[in-house]
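Participant: Here's my sequence, what's the structure:
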Amino acid sequence: MTQVASAEPELRRVIGDGEAVADGEVDGLDERDLLELYRDMVLLRTYDERSLVYHRQGRIGTYAIFWNHEAMQAGSVHALADEDWIFPSYRESAIGLLRGMPPATVLSWWRGHPAGWWNPIDYNVASICVPIATHVPHAAGLAWGKKLRGESACAIVFFGDGATSEGSFHEGANFAGVMQAPLVLFCNNNQWAISTPVSAQTRAEALVDKAVGYGIPGVRVDGADVLAVYEATREAVGRARAGEGPTFIEAVTYRIAPHATADDPSAYIDLERVEEEKKRECVGRYEAYLKRTGVLTDEAAQQIRAEATELMRRAIADAEAQPPADVSLLFEHAYADPPASFGDELAELRRSLE
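Facilitator: As a prediction, this is how the structure comes out:
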């Protein structure tokens, strides 16, 4: 059963610390499920670490790091059915990997190559949303559409704490509440909107309190506890499928890495807090839990990490093997009825690139 941390009475946890706080468990998860969660987290961690190296080698541009956010992504997606839709923000850029999307596809997206775009219905994963919160109304609309069609599918939309200060979030959340749309509003509260702390964004004691204003239930969970995230999302999905409408989940963590590769957090972040939080990062924390419970061995963990590393090695090679995109793509889909000048402009562009 889920435990409640005494220091934060509204923050749900399952995983203990192996010492003072005992481990809990989640009903319905067998050893295969627990190992699948671990494999997904390692895949996401490996993708993120390799992408950071990829950026530092000058092979991609700015990259949004999600190190220590893997528990939120893997835990929540594991609670979904294949028919359910995922609406990611840039912080969840690799979440499609959990739906079978090739890593080379996401790498190509960061490279700015058209091979990085996918048909959303192939994976039930919407395009990565870079503008803050603009995808929340999209997710609410799709979820409502599923309800109108009498389908059992729901949607989950991921956004950061900064998104709760945007009008699009309020519009989407209010719409979902009014229409009782089968939507999970998943807030990754890593306590920083680039350099703006949550305390400078709202006077609410917790972001989950905002759910009350839309007449929907909310739950606050430890975002570094993959099992607590899974359990909370499973309950929210169950409500959605039962016709009980949306749920707001606030997953609380602390942003250990920079906002993105273009950011220098040393100017504003609490570096001592960062070092403390690194000791409790989500992948290592879950790995220790699995070893305490006898589900994972050192050899199995090493094998899973090696598989993820090899997958990324091949993905980078596949992404870089893509031929350069033809510049005509810049013109082809700009207008339904292209102006006559496009032909001359494309020709001029080709000449300038020779």
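
Participant: what's the average pLDDT for stretch 231-250?
Facilitator: On average, the pLDDT along stretch 231-250 is 98.

Participant: and the most centrally placed residue in the chain, what is it in contact with?
Facilitator: Centroid-nearest residue in the chain: Glu92, 3.0 Å away (criterion: Cα atoms, centre = their mean). By Cβ atoms under 8 Å, 6 or more residues apart in numbering, Glu92 lies in contact with Phe66, His69, Gln73, Ile86, Ile128, Phe158. Yep, even glycine has a C-beta here, placed from its N, CA and C like the rest.

Participant: could you dump these to JSON lines with secondary structure?
Facilitator: Shown next, in JSON lines, are the contacts of Glu92 (DSSP: H, G, I helix; E, B strand; the rest coil):
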{"residue": "Phe66", "secondary structure": "coil"}
{"residue": "His69", "secondary structure": "coil"}
{"residue": "Gln73", "secondary structure": "helix"}
{"residue": "Ile86", "secondary structure": "strand"}
{"residue": "Ile128", "secondary structure": "coil"}
{"residue": "Phe158", "secondary structure": "strand"}
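
Participant: Now flag whichever of these is closest to Gly238.
Facilitator: Nearest to Gly238 among those, counting by Cβ to Cβ, is Ile86 at 17.4 Å.

Participant: burial measure for the closest one, as a count.
Facilitator: Per other Cβ atoms under 10 Å, the neighbour tally for Ile86 reads 25.

Participant: That one is in contact with Ala126, isn't it?
Facilitator: Yes. The pair Ile86 / Ala126 is scored as a contact, 6.8 Å apart, by Cβ atoms under 8 Å.

Participant: distance of the closest residue to Ser195 other than its chain neighbours from Ala260?
Facilitator: Counting by Cβ to Cβ, 6 or more residues apart in numbering, Ser195 lies nearest to Tyr268, which is 4.5 Å off, once chain neighbours are set aside. According to Cβ to Cβ, to the nearest Å, Tyr268 stands 14 Å off from Ala260.

Participant: where in the stretch 1-150 of the chain is pLDDT low?
Facilitator: Scanning the stretch 1-150 of the chain for pLDDT under 70 picks out 1-9.

Participant: Please, where are all the strands along this structure?
Facilitator: Applying DSSP state E to the chain gives strands spanning 3-4, 12-13, 85-87, 155-160, 183-189, 192-193, 196-197, 218-222, 247-252.
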